[in-house]
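Colleague: Model the following, please.
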Amino acid sequence: AEAVCVTTGAVVGVGFSLGSEKSEAYRSMLFCMAAPKDYIARLYGVPPEKLNWIMQGICAAFTSDRGPAGHRKLAERLEQQFPVKTIKPSYDGQAKAPVESTHPRDTKLEGAPSYVVSELNVIQMVKRELMRAASRNHTKDISRRLSDQAIADFARERRVATPHHYWDYLTRRLRTSARPMTLEQAVRSFWTPASLPVDRDGVKLGHRHYTSTAFKATGFMKQVGRTPDLEISAFTLSLVVRTIWVEVQGQLHELEATQRIRVGDEDRLVTLSELEATADLLATLRSQTRTAIGAATNRV
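Modeller: A predicted model of the protein is given here:
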């Protein structure tokens, strides 16, 4: 899912989901709009210097093209944060022309349909789309959007007619409707709430454990062993499970996935579905290991 500013033509946010256009894609898109882009870069494992993306803030109201995910439940939840101005009908490009005109154009070939299977995994495709979105803000010609005064100002300030410069130009003149939102507010609004179990190694999601220095300092872990089936309120994003947020006494804390051995960032960057698949493989491996240990013990 992609959010486009109708004034500057800038891509202000992108979101993702697996399989189809789900509400998760729209909510992660809105989180991308609200969060600092250096945090987005860290979240998805993109070098910050490759994501020169100054757009940040939630719009006062938005127009949805009502794709498969643009259903009423999503609209009702978003209206708690800001008004849903319009929900346009599906398959009606003219109803949302400013957005539709920004979509990439593909050449239509005659004959039987063909499909290209990417050699990239899910996280690599996510990184590619993030960098593409940031790049379009520097490579798209929006000179037709400029007023006569803006053209003169651009020439005087030696700017070029791209969404990046137009956004910066309007922001410096306090002509923006982008509403700031703290990172914690954005997590509460757009991440998926969950209740996760806690054991002596930390908060557990699938077969992974999560913790942080700030979380340990809260004293919450002292309840482990005293409280049966201890759980904690958490927030997750299905395509990024290197990081989760948990709530302790009304405050949010960001937790990182822990590993018993040193691993690179790429090993931490997996989707929730991949994490669940790995958990199933781990359960099978443990079962096979117990059987092998039993056989080895009998031989001894």
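
Colleague: remind me which residues of the stretch 51-200 of the chain are low pLDDT?
Modeller: Counting by pLDDT under 70, the stretch 51-200 of the chain shows low-confidence ranges at 61-118.

Colleague: how about the helices in it?
Modeller: 72-78, 97-100, 122-139, 148-157, 163-172, 183-190 (DSSP state H, counting those that start in this stretch).

Colleague: Could you save those helices as JSON lines and add columns showing mean neighbour count and distance to T8?
Modeller: Every C-beta, even on glycine, is put in place using the N, C-alpha and C of the backbone. As requested, these are exported to JSON lines (neighbours: other Cβ atoms under 10 Å; distance: least, Cβ to Cβ, whole Å):
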{"stretch": "helix 72-78", "mean neighbour count": "14", "distance to T8": "22"}
{"stretch": "helix 97-100", "mean neighbour count": "14", "distance to T8": "11"}
{"stretch": "helix 122-139", "mean neighbour count": "17", "distance to T8": "9"}
{"stretch": "helix 148-157", "mean neighbour count": "12", "distance to T8": "11"}
{"stretch": "helix 163-172", "mean neighbour count": "19", "distance to T8": "4"}
{"stretch": "helix 183-190", "mean neighbour count": "18", "distance to T8": "21"}
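
Colleague: Which one of those lies nearest to V46?
Modeller: helix 122-139 (5.3 Å; Cβ to Cβ).

Colleague: In PDB, list the C-alpha atoms belonging to the closest one.
Modeller: In PDB, the C-alpha atoms belonging to helix 122-139 read as follows (Å, rounded to 0.1, in the frame of the first residue of the first chain):
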ATOM      1  CA  VAL A 122      10.200 -11.100   1.500                       C
ATOM      2  CA  ILE A 123      12.400  -8.700   3.500                       C
ATOM      3  CA  GLN A 124      14.600  -8.000   0.400                       C
ATOM      4  CA  MET A 125      11.500  -7.000  -1.600                       C
ATOM      5  CA  VAL A 126      10.400  -4.800   1.300                       C
ATOM      6  CA  LYS A 127      13.800  -3.100   1.300                       C
ATOM      7  CA  ARG A 128      13.600  -2.600  -2.400                       C
ATOM      8  CA  GLU A 129      10.200  -1.000  -2.300                       C
ATOM      9  CA  LEU A 130      11.200   1.400   0.500                       C
ATOM     10  CA  MET A 131      14.200   2.600  -1.400                       C
ATOM     11  CA  ARG A 132      12.100   2.900  -4.600                       C
ATOM     12  CA  ALA A 133       9.600   5.000  -2.800                       C
ATOM     13  CA  ALA A 134      12.300   7.300  -1.300                       C
ATOM     14  CA  SER A 135      14.000   7.500  -4.700                       C
ATOM     15  CA  ARG A 136      10.800   8.600  -6.500                       C
ATOM     16  CA  ASN A 137      10.600  11.700  -4.300                       C
ATOM     17  CA  HIS A 138      13.900  12.800  -5.800                       C
ATOM     18  CA  THR A 139      13.400  11.700  -9.500                       C
END
